[in-house]
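A.B. asks: Kindly generate the corresponding structure for this input.
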Amino acid sequence: MAPLAPPRGLSALREARRRAILEATRALATEHGADGFTVEQVAERAGVSRRTIFNYVAGLDQLLVEVCEQILDDATTALLAEIFRRWGDDDAAAGTAAPALLDAVAQATRSIDLPSAIASIDRALGSPDSDDERLQVISRTAFDHAGGRLREQLLHRAPDLDPVDLEIGLALLFAGIAVIAEIWLDRHRDPTSEVSPTARADWAQLLDRVLVRVRTG
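C.D. replies: Okay, here's the model as predicted:
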């Protein structure tokens, strides 16, 4: 017998608390850096108890991962919409080969605002040094989550796709994006402003280099 779903009001309360906790974490990390605040401070700013925090996560690192995932969710949603616009229902029904789908994915990455998402994650982590291994792991974990969501949705849309080919192609794409994100942030990191047109143009050039590599293997 399946467990009973929680009352709707309780679910809404839990979701509201979760949002408050993530917003508090993001604000504190942006203000003080990822190492500059405590669970107690998150609880105080979110208006919950310390115990409530640990009902949702195991610790600060998991909170930071969820903040980064939250930022990437909007970008992933936009990416999926653009992919499905380029790769229509007829392609999915026909089981178009993974290379054709990956080409649609690659083209779609040009159309979404990845620079703003990457800059927001950088600010949420307190603009860490590129050699900060702990925060690099947090960022990579969030990107892995985004890649997993993308893969799941694509396979749901076209279950006849070869999952191995798709996995390899997406792994190459996301690994390349992670590499150029570090390069791009080193060139254009500015925790106080929006992404400039110059920075966007540089991102487009770097992304083109990644897409060439993905296509040629």
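A.B. asks: Spell out for me which residue occupies the centre of this protein.
C.D. replies: Among the residues of the chain, the one closest to the centroid is Leu72, at 2.9 Å (Cα atoms, centre = their mean).
A.B. asks: per-residue confidence for the closest residue to that one other than its chain neighbours?
C.D. replies: In space, Leu72 comes closest to Ala146 once its chain neighbours are excluded; the distance is 4.4 Å by Cβ to Cβ, 6 or more residues apart in numbering. The way it works is simple: take the backbone N, C-alpha and C, and place the C-beta from them, glycine included. Confidence at Ala146, expressed as pLDDT, is 87.
A.B. asks: Contacts for the helix or strand harbouring Leu135, please.
C.D. replies: For Leu135, the enclosing helix or strand under DSSP states H and E is helix 133-157. The contact list for helix 133-157 (Cβ atoms under 8 Å, 6 or more residues apart in numbering) reads 34, 61, 64-65, 68-69, 71-73, 75-76, 79-80, 83-84, 92, 101, 105, 121, 125, 128, 130, 161, 163, 166-167, 170-171, 174, 177-178.
A.B. asks: Ok, stretch 180-197 next?
C.D. replies: Residues contacting stretch 180-197 (Cβ under 8 Å, 6+ apart): 30, 115-116, 118-119, 122-123, 127, 130, 198-199, 202-203, 206-207, 209-210.
A.B. asks: can you give me the helices in the protein?
C.D. replies: 8-32, 39-46, 50-56, 60-86, 89-94, 98-109, 114-124, 133-157, 163-188, 197-216 (DSSP state H).
A.B. asks: Going by mean pLDDT, which of these comes out lowest?
C.D. replies: helix 89-94 (a mean of 55).
A.B. asks: distance of Ala119 from His188?
C.D. replies: Note on Ala119: its distance to His188, by Cβ to Cβ, to the nearest Å, is 8 Å.
A.B. asks: More neighbours: which of these two?
C.D. replies: Per other Cβ atoms under 10 Å, whichever of Ala119 and His188 has more neighbours is Ala119, with 25 against 18.
A.B. asks: Now for that one: which residues touch it?
C.D. replies: Ala119 makes contact with 185, 190, 194-195 under the criterion Cβ under 8 Å, 6+ apart.
A.B. asks: got TSV for the residues you listed, with neighbour count and distance to Thr25 too?
C.D. replies: As requested, the contacts of Ala119 are arranged in TSV below (neighbours: other Cβ atoms under 10 Å; distance: Cβ to Cβ, whole Å):
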residue	neighbour count	distance to Thr25
Leu185	19	20
Asp190	14	22
Glu194	9	22
Val195	19	23
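A.B. asks: so which one among these has the lowest pLDDT?
C.D. replies: Asp190 (76).
A.B. asks: Good, we can wrap up now.
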